[in-house]
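S.K.: Here is my input; please provide its structure:
(chains A, B and C)
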Amino acid sequence: MMPPINWPVIYPELAICITAFIVLIVDLFLPGRHKWVLSLISIFGVLVALQIVFMNFGLKGDTKAFFGMVVSDATGLYFKTIFCIGTLLAIFVSITYQRREFPEVGEFYTLMLLSTFGMMIMASALDLITIFLGLEMMSIPLYVLAGIYRGRYRSREAALKYFLLGAFASGFLLYGIALIYGAFGTTNITRIVELIADGKPYSPFFVGVGSVLVLIGLAFKAGVVPFHMWIPDVYEGAPAPVTAFMSAGPKAAAIVAILRIFVITTPVIDLTWVFWVLAVVTMTWGNILAINQNNIKRMLAYSSIAHVGYLLVAITVGGEEGVSSAAFYLLVYTIMNIGAFAIVVLFAEREEFYENISDYAGFGSRFPFAAITMTIFMASLGGIPGTAGFVGKFMIFSGAINHGFYWLAVIGVLNSLVSIYYYLRVVVAMYMRQPQTRLVDIAISPSLMIAIIITLLLVIQIGIFPDNWLSLAKQAASLAF
Amino acid sequence: MAPLSYYLILSAMLFTIGVWGVLRNRNALIIFMSIELMLNAVNITLMAFSSFLKDFSGQVFVFLVMAIAAAEVAVGLAIIVSIFRVKESINVDDVNLMKW
Amino acid sequence: MEMIVKLIPVFPLFGFLIIGLTNKKMPKQVVNIIACGSVFLSFVAGTIAFFSLLGMPSNSRFITGFWFDWIIAGSFSSSVSFMFDPLAAVMVLVVSGVSFIIHVYSIGYMAHDGGYWRYFSFLNLFVFSMLLLVLADNVLLLFVGWEGVGLCSYLLIGFWFHKKSASDAGKKAFIVNRIGDFGFLLGIMLLFWTLGSTNIKEISHLAPEMLVAGGGLVTAITLLFLVGAVGKSAQIPLYVWLPDAMEGPTPVSALIHAATMVTAGVYMIARLSALYVLAPTSMAIVAIVGGFTALYAATIGLAQNDIKRVLAYSTISQIGYMFLACGVGAFSAGIFHLTTHAFFKALLFMGAGSVIHALSGEQDMRYMGGLKNRLPFTYKAFLIATLSISGIPLLAGFFSKDEILWKAYSSGHGHPLLWILGLITAILTAFYMFRLLYLTFHGKSNVTAEAEKHLHESPPVMLIPLYILAFLSIFGGYIGLPHALGGGAWFENFLMPVIAESAHVIETGSHHAPSLEYILMLASVVAVLLGIVVAYNFYIKNPEKPKQLAQRFAGCYRLIFNKYYIDEVYDYLIVKPLYILSLIFWKIFDVRVIDGFVNRLAKFFGSMSERFRILQTGFVRNYALVFFIGVIILVGYLCYIFR
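M.R.: Numbers count the residues shown, from 1 in each chain, chains lettered A, B, ... in the order given. A predicted model of the protein is given here:
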């Protein structure tokens, strides 16, 4: 007996989706200068979704819906919380920027919400088809978002690169799913796990190659070396708020899908060493290439690759400890990264002008609050104690050590040492360099300040009192197994 | 009826041709068409499995893939057009302002 | 009631934040209200909590104030929570009360200073840290407060940082304290390692069960804590920072370097008395350190000319008394002396401050004299404090000092030699205090003409605090009136449930004949009078005599005048070799080896980065190629596995 349709399970997704369409429709009737109303509707919708997510933590009875294609378990809900927080912050970061740079583009928020919708589906998915659909639902709006700033050629270029490579990667993902389907005759993860447990014969080759291809498709979205090539260009070209948005949620969505796929691959094939190598290559490559970047968005792009490397360390470790540390790190990373991008948006009063790290010279005395906040985010990204980033890295590396991956931990720690160098470059530029040009005043937008203050408080709060957040992540991990 | 492996090999070949097309061509439209070829190669695999396993979900999957492909076409062509407007060209090798 | 206890330290914290963040945007009047008001609120909260404590049965006087769990890591846990028991109550009242008085005094004293806001924000931060220290229910939180007061002390000693001597003094205080803190921290670690807890209440319960009395472990722990206490409370050998600390504003000297912070070491030993009674060796060392410091600092005090330095050495000497009391097991006597000392020493400093204020910053006693009639109100308050500290009967200082001397003689840990140390110190104390009084207020005026012009009595905002403290210096002692004088030793009884006076101490104490206590009391009174008479003889009747004496015993005088050359000895033995060593490390090891290595490595990564970034060509097709190579490698690996 298949479980029946169970609507409450996808209420959060529905909330986001409905909001997206409301925004789309309202957009038709709003004159250009009032498009900011859309952001309020979006914020409200995301808050409703977040509330439903919290309520769903206590969902009684069957948590599966649509004949077992989606599920509402602690893992999924935890990640949905991350998506909602990420989207919420990204909207706050966007409002002023959107009004200033492309005021007539109201569908901006619709696209953001639809992308979030896709991520949430990925987090709930218990079926390879659903994962694929969620992935496309997430990606296609992102292609558009990357190119939404039509006034800038870089934005268009970013869209093209992202789109071509994204579609290319989807092909591999799809091929992988097809092979797994061929091996088991079903794409439902629960069902496949049952079949493996029952000892039904299957072709390990198909399953092996299939799951590796699926992992490649997801690794592309997460930005694992060597599938990362799009990241620097797209992050640099896309408008800064979009970069903030896509550096957080989509990565988390890809990671949660990888965790789901793991359930299938683990009994068939031991991929530990593959992940080991990917982790080392990814973090080293990201960190080394970040060193000499001058554009701060590009630097943060490489740094995000490095952070995926740390996440891969957690995935290599696996088990409850690995998954919980990965989940925790994603939350932390989402918050601190969006915070850093919020400051970038704040400083990028005139795009291109203030995007180079050298342009930040003299900001320390000119904009003391923003500069100290940026310093804290950089410290957190670098993993300096007292910040959330430190706790995240600590959990990951201590997990690696507990499970005997000493070399991985050593390489990881050395890597974060290297990373301090380029994070501190920003701080050095802000405090110890003289400005080359006269500094223009920055228009402080209240919405941006909200995002900055929320992220700042969270970074410090998680950095000093991580316990509650850690236990949330642990809970998310314990139910995944 | 031909054995399953024939279909699988055919689709694998088509997929490889698609990949080759992506790597080889400079024209954004042709690259895009090659990607479509890859997706359709996968569709053949799905159909073959569906038919041999007597399971309909594979065919449903094919429809979903086609829908997704259509959506990608809509977005992709728009992006290519927007590049064309600026560059008067759809040669992807011209699109390399951002690098390093 | 829990809420009130929780709030006690919060008020000054908010005061600090508000004043510190708004800084000069705030008018001075508002700063006054916030700074003094927040401390006053703490005092009120402390008083309310104190009275509710009195309402409880004497054995269960205890209020907790739990804020939140701070660190939980494995078996280690530490929370931000307070314990308000009789000991904490006494400390809270003393700290917040004296602080409030000194805050008010500072309004007058600092009125014309450019750093007014900075001063009050630091002062509030200090009160917060000190209250945290005395209220902490675990050693770690206590350490946070401990470091906090150290920081404030550093900031306030170097308050006039443009003066090199002041900033040097700040650094000296900080560094010397770090040595002590290091011992303290090691003690905490060792304590946690052995008992598995940092909670003071748990420690007191666990220690007698888990530690062998007199064993090496408990001795090591207590000695490490003693190192911390010696640093903070300026005892031999780490006392050198306190005299230099007088570079700070005088109210700071009164509050931090006399009344409250420097007594933190005594408080900590009393707090951990459960551990100390298990380690007789440590107790003996505490007593000996205290006794010798008391005598030693008093001798240096004899020959100093700077009015604040005399008081600084007197502070060291008096804290020596407190250590002596703790060392002989009379913890409550130590705390009692701490309390009365806070009153009269704060008064002395503020009186000195009033004099310095009147003389436009002159601190050298050779340029004072005859001020009795010019500053009549300051003089009277100062006289009361001098009588009190000297131990004239019926004043506060007499009771507490006498209690210590009696315990030093009679307690099971005591020894007649310790009593003799204390007695000689009492003579010297009376002598140098009256020397100070005579040189400053009596005799002929040596005030410079420049200072003479501005000579004026201090404003009421400075004088009223003096008289409040003068009242306390007279009557503060009656809370601890001993049995021998018909009192109920209320103070001792109040603290009894908290402080582990070993049964041993009390037992042997009762063997002495009751008349002995009176005899010793009489001896100390005679000693004090002797000191006063000698001082009178030297500085009023024969003003030439000190100089003759100094010439006759020139070597001895120079030794004392130069503070036994201890600063020079430390400089020669410790600072110089360290300096040379650090020079070697810096020039050769650091610059060449470490920096060289790090710079090479950084250059290496930088060049790698520069070389590899070219791979990011910007061509989509190259990106797809790299992607595909990745696919081939992974799938190839799979094929290799399943071959």
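S.K.: Scan the helices and strands of chain C for the one with the lowest mean pLDDT.
M.R.: The least trusted helix or strand in chain C, going by mean pLDDT, DSSP states H and E, turns out to be helix C:503-509, with a mean of 47.
S.K.: following that helix, which helix or strand shows up next?
M.R.: Per DSSP states H and E, the first helix or strand lying C-terminal to helix C:503-509 is helix C:514-536.
S.K.: Name the residues that touch that following helix?
M.R.: Residues from elsewhere that reach helix C:514-536, judged by C-beta atoms under 8 Å, 6 or more residues apart in numbering or on different chains: C:390-393, C:401-402, C:405-406, C:409-410, C:419, C:423-424, C:426-432, C:434-435, C:438, C:482, C:484. (Glycine included, C-beta is placed from N, CA and C.)
S.K.: 7 Å instead?
M.R.: Applying C-beta atoms under 7 Å, 6 or more residues apart in numbering or on different chains, the external contacts of helix C:514-536 come out as C:390-393, C:402, C:405-406, C:409, C:423, C:426-431, C:434-435, C:438, C:484.
S.K.: go on, stretch C:134-142?
M.R.: Here stretch C:134-142 makes contact (C-beta under 7 Å, 6+ apart) with C:8-9, C:64, C:78, C:80-84, C:88, C:91-92, C:95, C:132-133, C:145, C:188, C:191, C:198-201, C:267.
S.K.: For chain A, give me its nearest residue in the stretch 401-550 of chain C.
M.R.: Here the residue of the stretch 401-550 of chain C nearest chain A is C:Val498; by C-beta to the nearest C-beta that distance is 31.1 Å.
S.K.: In contact with that residue, which residues?
M.R.: C:85-87.
S.K.: picking that back up, which members of the contacts of stretch C:134-142 are classed as buried?
M.R.: Buried subset of the contacts of stretch C:134-142 (neighbour count, 16 or more other C-beta atoms under 10 Å in any protein chain shown): C:8-9, C:78, C:80-84, C:88, C:91-92, C:95, C:132-133, C:145, C:188, C:191, C:198-201, C:267.
S.K.: Strands - which of those residues land there?
M.R.: C:78, C:80-84 (DSSP state E).
S.K.: Rounded mean pLDDT for stretch A:363-372, please.
M.R.: Mean pLDDT, stretch A:363-372: 84.
S.K.: oh sorry, the question was meant for stretch A:37-56
M.R.: For stretch A:37-56, the mean pLDDT works out to 92.
S.K.: May I see the buried residues of it?
M.R.: In stretch A:37-56, counting by 16+ other C-beta under 10 Å, buried: A:38-39, A:41-43, A:45-46, A:48-50, A:52-53, A:56.
S.K.: just these now: which is nearest chain C?
M.R.: Closest to chain C out of those is A:Leu50 (25.1 Å), distances taken as C-beta to the nearest C-beta.
S.K.: Distance of the closest one relative to chain B?
M.R.: According to C-beta to the nearest C-beta, to the nearest Å, A:Leu50 stands 27 Å off from chain B.
S.K.: didn't that residue look like it was pressed against A:Cys84?
M.R.: Yes: counting by C-beta atoms under 7 Å, A:Leu50 touches A:Cys84, with 4.2 Å between them.
S.K.: which residues are in contact with stretch C:360-380?
M.R.: For stretch C:360-380, contacts defined as C-beta under 7 Å, 6+ apart pick out C:305-308, C:351, C:354-356, C:358-359, C:436, C:439-448, C:451, C:454-455, C:457-458, C:463, C:466.
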